[in-house]
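Undergrad: quick one, what's the 3D model for this:
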Amino acid sequence: MDVMYAIQVRRSIRAYKSTPVEEEKLSKVLEAARLSPSARNLQEWKFIVVKNEIKREQLTKASLGQNFVGQAPIILAACGKEPESIMECGQHRYTVDLSIAMSFMVLEAVEQGLGTCWLGRFDEKRVKEILDIPHEVRVVAMTPLGYSDENPAQRPRKSIHQIVSYDGWS
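TA: Residues are numbered from 1 along each chain as shown. As a prediction, the model looks like this:
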């Protein structure tokens with residue numbers, strides 16, 4: 001896989017075909033998360049694969065008007081098991097670790113010809129109820145996973161000069 005190519009062609013997909021995702025492809029997406037780095041390699045996470053149609057419909061409603069979520073044959077939920085743990089830099093470990101893992105999964109999905117859309121807009125309490133997630137666990141992100149039924153154009157990006165400085169803030 002050419003990683004830069006995957007980064008360039010990745011899009012947030014908001015229309016999915018009903019075509020089932022092959023288990024081999026799903027396994028590769030999940031393996032990308034398993035292999036991703038985490039603080040002190042603790043891997044204090046759990047990824048919930050939702051295929052059940054009723055639960056996908058419920059998660060769609062919990063996604064606050066994002067009706068495309070349930071079109072995909074799979075929804076992945078990324079959960080942090082140790083939300084109180086803070087790294088020395090002051091960041092919550094679970095949000096950083098799961099952001100890395102989700103990024104790895106999204107890029108592997110591209111490699112497998114699948115679409116995703118990183119969701120941060122959902123009712124976490126409702127998601128936890130639907131998926132029987134313990135109270136102390138945090139749901140960091142979700143994504144539909146499936147075959148795209150659209151080909152959106154790349155959204156504008158700032159120039160490298162607008163987002164990078166050297167040897168200090170300038």
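
Undergrad: which neighbouring elements make contact with the strand of greatest length in the chain?
TA: Determined from DSSP state E, the single longest strand within the chain is strand 138-146. On a contact count with 3 or more CB pairs under 8 Å, 6 or more residues apart in numbering; DSSP states H and E, strand 138-146 meets strand 74-80, helix 93-111, strand 115-116, helix 124-130. For every residue, glycine as well, the C-beta is placed using N, CA and C.

Undergrad: between those, which one is nearest to Ile160?
TA: With CB to CB, the closest approach to Ile160 among the helices and strands packed on strand 138-146 belongs to helix 93-111: 19.3 Å.

Undergrad: the inter-axis angle of the longest strand of the chain versus helix 93-111?
TA: Per axes from the mean of the first three to the mean of the last three CA atoms, to 10 degrees, the angle that strand 138-146 makes with helix 93-111 is 10 degrees.

Undergrad: buried ones in the helix or strand just after strand 138-146?
TA: Tracing the chain past strand 138-146, the next element assigned as helix or strand by DSSP states H and E is helix 160-163. When burial is assessed from 16 or more other CB atoms under 10 Å, helix 160-163 yields no buried residues.

Undergrad: show me how far helix 160-163 is from its chain's centre.
TA: The chain centre lies 26 Å from the centre of helix 160-163; the measure is CA atoms, centre = their mean, to the nearest Å.
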